[in-house]
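Asks: sequence and predicted model, in that order:
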Amino acid sequence: MTIPANLQAVQQAIASAAQAAGREPGSILLLAVSKTFGADAVIAAADAGQRAFGENYLQEAVDKIEAVLQLRPDLQLEWHFIGPLQSNKTRPVAEHFDWVHAVDREKIAQRLSDQRPAHLPPLNICLQVNVSGEASKSGVTPAELPALAHAVNSMPHLKLRGLMAIPEPAQTEAEQRVPFAQLRLLQQQLAAEGIPTDTLSMGMSADMGAAIAEGANIVRIGTAIFGKRTYAS
Ligand SMILES: *Cc1c(COP(=O)(O)O)cnc(C)c1O
């Protein structure tokens, strides 16, 4: 299938999952994860109406953002950095992106705030939470989340938008929903502590339906739009 047809199929899947959950499809942003695909794939998706793109690998992402800008200065795209971020690599992220999804340390957030260029709006931030004891080392623990959220909330050039998670793969929709429900609960607890946020970034190609059922506002979809990734070895 082509990228425009894939996009349309994913949008339809989002709409039917939203409908099944009694939610407004327009409350869910489709983030097209274009990592490993070139500027041409981004432009094909953009010409089919896609505006928000997610990238994981910094150098690849910056090259792609600049290539798209060169080729098609008319496109008004929104770029989300969704990969793990090292503290010595924050500056290009602060300069080139609109959102960062995987912030899990105060030091990284502080650098992003300090390095955000003054002419740009605040950088939108999601805090990555390690829900249901993921094997992965990334993400704050639920216990550490409130302190990090308070710190980020007070940084001048950041805007705390919400929470993000990448749960371990699970087979059934019921199993997939457990960590997503936990993330939603953590968001409610933060709101009760005076930090309301509007975004749950959760759900990928394989578990999008479960994420939408639990309240996802951003689903991060790569494979279902661009096809299988092949990594250069
Ligand atoms: C690669 C990636 C995605 C997209 O995954 P697909 O399974 O291709 O939809 C989403 N989120 C993150 C953080 C990713 O690294």
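Replies: Cool, the structure landed.

Asks: and the helix or strand hosting residue 15, what's its mean pLDDT?
Replies: If you go by DSSP states H and E, residue 15 is part of helix 3-20. Averaged over helix 3-20, pLDDT sits at 98.

Asks: so is that helix next to the ligand?
Replies: No - Helix 3-20 is not in contact with the ligand by Cβ under 6 Å from any ligand atom; minimum separation 9.4 Å. Glycine gets a C-beta too; all of them are placed from N, C-alpha and C.

Asks: need the contact partners of that helix.
Replies: 1, 24-25, 27-28, 30, 32, 41, 44-45, 47-50, 208-209, 212-213, 219, 221, 224-227 (Cβ atoms under 8 Å, 6 or more residues apart in numbering).

Asks: show me which of these neighbour the ligand.
Replies: Okay, of these touching the ligand (Cβ under 6 Å from any ligand atom), that's 221, 224.

Asks: are any of the contacts of helix 3-20 buried, and which?
Replies: 28, 30, 32, 41, 44-45, 48, 50, 208-209, 212-213, 219, 221, 224-226 (16 or more other Cβ atoms under 10 Å).

Asks: picking up where we left off before, just the ones of the contacts of helix 3-20 in helices?
Replies: Those of the contacts of helix 3-20 mapping onto helices are 41, 44, 45, 47, 208, 209, 212, 213, 224, 225, 226, per DSSP state H.
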